[in-house]
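J.: following is a predicted model, sequence given first.
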Amino acid sequence: MKKQSGAAESAAEFGILEEIRNVIDIEIEALQSVRQKVGPEFEQAVKAIADCEGQVIVTGVGKSGIIANKIAATLRSTGTPATFLHAGEALHGDIGIVTSRDVVLAVGKSGETGELNELLRFLKKSAVVIISLTSNDTSSMAQLSDIVLNLNIPREACPLNLAPTASTTAALAVGDAIAVVLMKLKNISEADFARHHPGGQLGRRLLLTVDDVMRKDKENPLISIEQSVKEMVVRITAFRVGAISVVDDRGELLGLVTDFDIRRALESGHDIFSMKIPDIMNASPEVVFSDEKAIDALEKMKERRKPTAVIPVVNRNRKVVGMIHLHDLIAAGL
């Protein structure tokens, strides 16, 4: 049997997995402690932010600054205007972004960080509402604040009880809670959320319509029902979509011809060029509307008993305005 390496032996003796579980337990303990402390001041903080006519200025230093930055990002993405302001940079000019219409949300475990408290002293003179997230509700930071959210926890996960671990988790969780409650107060919808995330898949799924991704105008394969099969074959080949919409003189949909329909006509043994378009077309093809969500068109393609790769697009007056191909939807990132 191969002897374990020194590191492996040490890991077995030390109990790495047990220590990981222990850290997670300590952080859960911290969150439970904060949950028990949730009181009227938390409601006051949410209402102050909801009533804010400007933006939320979230500030902090060090590890707390990193948490503050994330809280600001979460607020922004969920419909509450917010900006992260580093306390140190603020004292060297960036304080200019703060107006009397703003609310300041300060994050600091000890409440005695010099740069942060110096910033709060200046902001106090501007009559802004100051909310603090701190583990020391008797600190200088707390004294400078209008609303104090007490995040005092039993212990840090750090074995020295020094490095911000459980305390930063608690601050982050409270920041998330505030952002989510504000979302509900403001009735933020999926569409509102998507407008803040247009580059992500969720944004594309909620915002993109069929009109955004369909082939239209000169790229829309159309043919009149009065034209010949030969002309139809030439056009369907030229468009390289694998299908063509058959329309009347008003541009309304009468049918659809796909590559499959042409192959089936050829296999029937008839002279295809002696046939008429109505003899070949599908007279009742499935359609999508141009103002539908693109993701709904994709689902419609997938849900058919025989999945299709192409669907005609019509407007609410049944006029053919485009063609959508499965590849178009995939290329759009849906």
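T.: Here it is on my side, so go on. What you are looking at is a predicted structure, and each value in this text was computed from that prediction instead of being measured.
J.: all contacts plus neighbour counts: C-alpha atoms, from now on.
T.: Will do.
J.: quick one, strands of the stretch 201-334 of the chain?
T.: Secondary structure of the stretch 201-334 of the chain by DSSP state E, counting those that start in this stretch: the strands cover 222-224, 243-247, 253-258, 288-289, 310-314, 320-325.
J.: please compute how far stretch 300-319 lies from its chain's middle.
T.: 27 Å (CA atoms, centre = their mean, to the nearest Å).
J.: so for it, what's the average pLDDT?
T.: Mean per-residue pLDDT for stretch 300-319: 80.
J.: okay, buried residues for it please.
T.: Going by neighbour count (16 or more other CA atoms under 10 Å), the buried part of stretch 300-319 is K300, M301, A309, V310, I311, P312, V313, V314, N315, R318, K319.
J.: swap in stretch 115-134?
T.: Using 16+ other CA under 10 Å as the test for burial, stretch 115-134 gives 115-120, 123-124, 128-134.
J.: over to stretch 151-162?
T.: Result for stretch 151-162 [16+ other CA under 10 Å]: buried residues L151, N152, I153, P154, R155, E156, A157.
J.: what residues does it touch?
T.: By CA atoms under 8 Å, 6 or more residues apart in numbering, the residues outside stretch 151-162 that reach it are 23, 26-27, 29-30, 33-34, 37, 133-136, 163-167, 170-171.
J.: end to end on that stretch, go ahead and measure it.
T.: For stretch 151-162, the first and last residues are 16 Å from each other (CA to CA, to the nearest Å).
J.: likewise stretch 277-285?
T.: So stretch 277-285: terminal residues 14 Å apart, CA to CA.
J.: and it, how far out from the chain middle?
T.: 42 Å.
J.: any idea of the mean pLDDT in it?
T.: On average, stretch 277-285 scores 89.
J.: quick one: buried residues of that stretch?
T.: For stretch 277-285, burial by neighbour count (16+ other CA under 10 Å) applies to I277, P278, I280, M281, N282.
J.: got the contact list for I244?
T.: P221, L222, I223, R235, I236, L256, V257, T258.
J.: looking at these, which is nearest G242?
T.: Proximity of the contacts of I244 to G242 (CA to CA) peaks at T258, which lies at 5.6 Å.
J.: how about the strands in the stretch 51-200 of the chain?
T.: Counting by DSSP E, counting those that start in this stretch, the strands of the stretch 51-200 of the chain are 56-60, 82-86, 103-107, 129-134, 147-150.
J.: can I get those strands in JSON lines including distance to I71 and mean pLDDT?
T.: Shown next, in JSON lines, are these (distance: least, CA to CA, whole Å; pLDDT from 0 to 100):
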{"stretch": "strand 56-60", "distance to I71": "7", "mean pLDDT": "95"}
{"stretch": "strand 82-86", "distance to I71": "8", "mean pLDDT": "94"}
{"stretch": "strand 103-107", "distance to I71": "9", "mean pLDDT": "96"}
{"stretch": "strand 129-134", "distance to I71": "11", "mean pLDDT": "96"}
{"stretch": "strand 147-150", "distance to I71": "15", "mean pLDDT": "96"}
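J.: what about the closest residue to I244 other than its chain neighbours, how many neighbours?
T.: Distances taken as CA to CA, 6 or more residues apart in numbering place P221 nearest to I244, at 5.0 Å, with adjacent residues excluded. When neighbours are counted by other CA atoms under 10 Å, P221 registers 26.
J.: again with A48
T.: 18.
J.: what ranges of the stretch 51-200 of the chain fall below the confidence cut-off?
T.: Applying pLDDT under 70 to the stretch 51-200 of the chain picks out residues 189-200.
J.: domains of the chain?
T.: Per the record, the chain has its domains at 6-188, 210-331, by automatic domain parsing.
J.: all helices for the stretch 201-334 of the chain, in order.
T.: Using DSSP state H, counting those that start in this stretch, the helices found in the stretch 201-334 of the chain span residues 201-207, 210-213, 229-239, 259-267, 277-280, 294-303, 326-331.
J.: V229 reaches K276, doesn't it?
T.: Yes. Taking CA atoms under 8 Å as the definition, V229 is a contact partner of K276 at 5.9 Å.
J.: okay, the two: which has more neighbours?
T.: Under the criterion of other CA under 10 Å, the comparison of V229 against K276 puts V229 first, with 21 against 16.
J.: local confidence estimate at A7?
T.: pLDDT, A7: 58.
J.: what's the burial count for H270?
T.: When counting by other CA under 10 Å, one arrives at 10 neighbours for H270.
J.: D51 now?
T.: 11.
J.: and I262, by the same measure?
T.: 17.
J.: nearest to E41, of the buried residues of stretch 115-134?
T.: I131 (9.6 Å).
J.: can you tell me who that closest one pairs with across the strands?
T.: The partner list for I131 in beta bridges (DSSP bridges) reads L105, I147.
J.: so who does it touch?
T.: When contacts are counted by CA under 8 Å, 6+ apart, I131 touches A45, V103, V104, L105, A106, S145, D146, I147, V148, L149.
J.: repeat that for M323.
T.: M214, R215, K216, N220, P221, V310, I311, P312, V313.
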